[in-house]
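*Asks:* Just the structure for this:
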Amino acid sequence: MDHSLDTLPPLDTLRAFDAAAKTGSFSAAAEKLNLTHGAVSRQIARLEDWFGLKLFERRARGVAQTIEGNRLHLRTSEAFALIASNSDRWVEPRGTAVVRLATIPSISGLWLMPRMARLESGDPKIRIVLDVDNRQIDLADEGIDLSIRCGRGRIPERIAMQLFEEHMFPIASPQLAQEVGAGNAARLLKYPLIHDSDASGWRAWFGEQGVDYRPRPQDRRFEDYNLVLDAAAYGLGIALARPPLAEGQVAAGRVVAVDRRTALNPVCYWLDRPAGKPRAAAIELARRIAISANVPDDRLQSFLDAER
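*Replies:* Residues are numbered from 1 along each chain as shown. Predicted coordinates:
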């Protein structure tokens, strides 16, 4: 494989390689890194593909480094030791009680954080490590146990369970809401409307009221729902409340309803996991998330039992 001089192999593949080289086993490396055996195996395969070299000989019991693998391990050991001795970086916690949970900024800030202490406490105690990103990632390759996302359906290579839906209604700052007043839905079109990644929510809400809506130049778009709520609170226009993400802001009076009529959001929230048997701590966290989202027991059990 051809690489430019300023390109390095992915760091996660080097971590997996270093752990496997030290332990002589993909299974032991997986336990050390709090990953699955399959995730370590895929990381090693990616690294071998990157270098175009075979780094391990697979044996009946464990693995052994090839000559090229041994040379690489000498260099990675030196590099990791150098980084460790010259860094005050945060060290990610590891162990059987640690669960890596991927999600997007709005869900992590507006839904997870108010529930985080409750989700981690109890018997057994759990430590949640958040992986916050807007990208759609391969959960198995990234060593992610669970993922909460907003979307329109299932994603291939993931096992998914619907968490909750949203019944949206328009909100604005208290001052702007007073100016908007009561009346028909079309009165909202006199003001800038605020939406996030697309305008499907507003189309759905206006559609329920018999009004055809299409985005206009005066409307405002923000990629993250946290910013949508901030923009509404600062009087930049009218947004849609998306319970339960917006419940804290509404309860605090930072934004108020300008119309009590609701519409179902075309997208909903999902809990995803990679295929295969989840770890015990991931199962427990999935149960606690399901309870917080009022998911029926049979739906949760199907999610935990599914293989594909």
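
*Asks:* does G183 sit in a helix, a strand or a coil?
*Replies:* Assigned by DSSP: H, G, I helix; E, B strand; the rest coil, the conformation of G183 is coil.

*Asks:* Quick check: pLDDT value at it.
*Replies:* pLDDT, G183: 92.

*Asks:* what's the distance between Q175 and V250?
*Replies:* Plainly put, Q175 is 16 Å away from V250 if you go by CB to CB, to the nearest Å. Every C-beta, even on glycine, is put in place using the N, C-alpha and C of the backbone.

*Asks:* More neighbours: these two, which one.
*Replies:* Neighbours per residue, other CB atoms under 10 Å: of Q175 and V250, the larger number sits with V250, 16 against 10.

*Asks:* Now that one: which helix or strand?
*Replies:* Taking DSSP states H and E as the definition, one finds V250 inside helix 247-251.

*Asks:* The next helix or strand after that helix pairs with which strands, parallel or anti?
*Replies:* Once helix 247-251 ends, the next helix or strand along the chain (criterion: DSSP H and E) is strand 256-257. Sheet partners assigned to strand 256-257 using DSSP bridges are listed as strand 167-172 (antiparallel).

*Asks:* elements contacting the helix or strand following the partner strand?
*Replies:* Downstream of strand 167-172, the next assigned helix or strand under DSSP H and E is helix 174-180. The elements that helix 174-180 packs onto, with contact taken as 3 or more CB pairs under 8 Å, 6 or more residues apart in numbering; DSSP states H and E, are strand 256-257.

*Asks:* which other residues reach the strand it packs on?
*Replies:* 169-174, 177, 241, 250 (CB atoms under 8 Å, 6 or more residues apart in numbering).

*Asks:* Out of these, which end up buried?
*Replies:* Buried members of the contacts of strand 256-257, counted by 16 or more other CB atoms under 10 Å: 169-173, 177, 241, 250.

*Asks:* Just the buried positions in the helix holding V250, please.
*Replies:* Applying 16+ other CB under 10 Å to helix 247-251 flags 249-250 as buried.

*Asks:* just stretch 156-164 next, same as before
*Replies:* 158-161, 163.

*Asks:* want to throw these into a markdown table with distance to G143, secondary structure and pLDDT?
*Replies:* Output for those, formatted as a markdown table (distance: CB to CB, whole Å; DSSP: H, G, I helix; E, B strand; the rest coil; pLDDT from 0 to 100):
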| residue | distance to G143 | secondary structure | pLDDT |
| --- | --- | --- | --- |
| R158 | 14 | strand | 90 |
| I159 | 16 | strand | 92 |
| A160 | 19 | strand | 93 |
| M161 | 20 | strand | 94 |
| L163 | 22 | strand | 93 |
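
*Asks:* rewinding a little: identify, from the buried ones among the contacts of strand 256-257, the entry nearest to L188.
*Replies:* Set against L188, the nearest of the buried ones among the contacts of strand 256-257 by CB to CB is P170 (6.1 Å).

*Asks:* List the residues that contact that closest one.
*Replies:* Applying CB under 8 Å, 6+ apart, the residues near P170 are 188, 205, 238-241, 257-259.

*Asks:* The lengthiest helix in the chain packs against which elements?
*Replies:* If you go by DSSP state H, the chain has its longest helix at helix 67-85. Applying 3+ CB pairs under 8 Å, 6+ apart, one finds that helix 67-85 contacts helix 11-23.

*Asks:* packing partners for the helix it packs on?
*Replies:* helix 26-33, helix 37-51, helix 67-85.

*Asks:* low pLDDT regions in the chain?
*Replies:* Applying pLDDT under 70 to the chain flags residues 1-6, 83-95, 308.

*Asks:* measure the residue positioned nearest the centre of it to V295 for me?
*Replies:* Centroid-nearest residue in the chain: T103, 1.5 Å away (criterion: CA atoms, centre = their mean). According to CB to CB, T103 and V295 sit 16 Å apart.

*Asks:* again with I137
*Replies:* Taking CB to CB as the measure, I137 falls 23 Å from V295.

*Asks:* tally of neighbours for A20?
*Replies:* A20: 29 surrounding residues under other CB under 10 Å.

*Asks:* Kindly report the same for the one 4 residues further on.
*Replies:* Residues lying near G24 (other CB under 10 Å) number 15.

*Asks:* Alright, that wraps it up for me.
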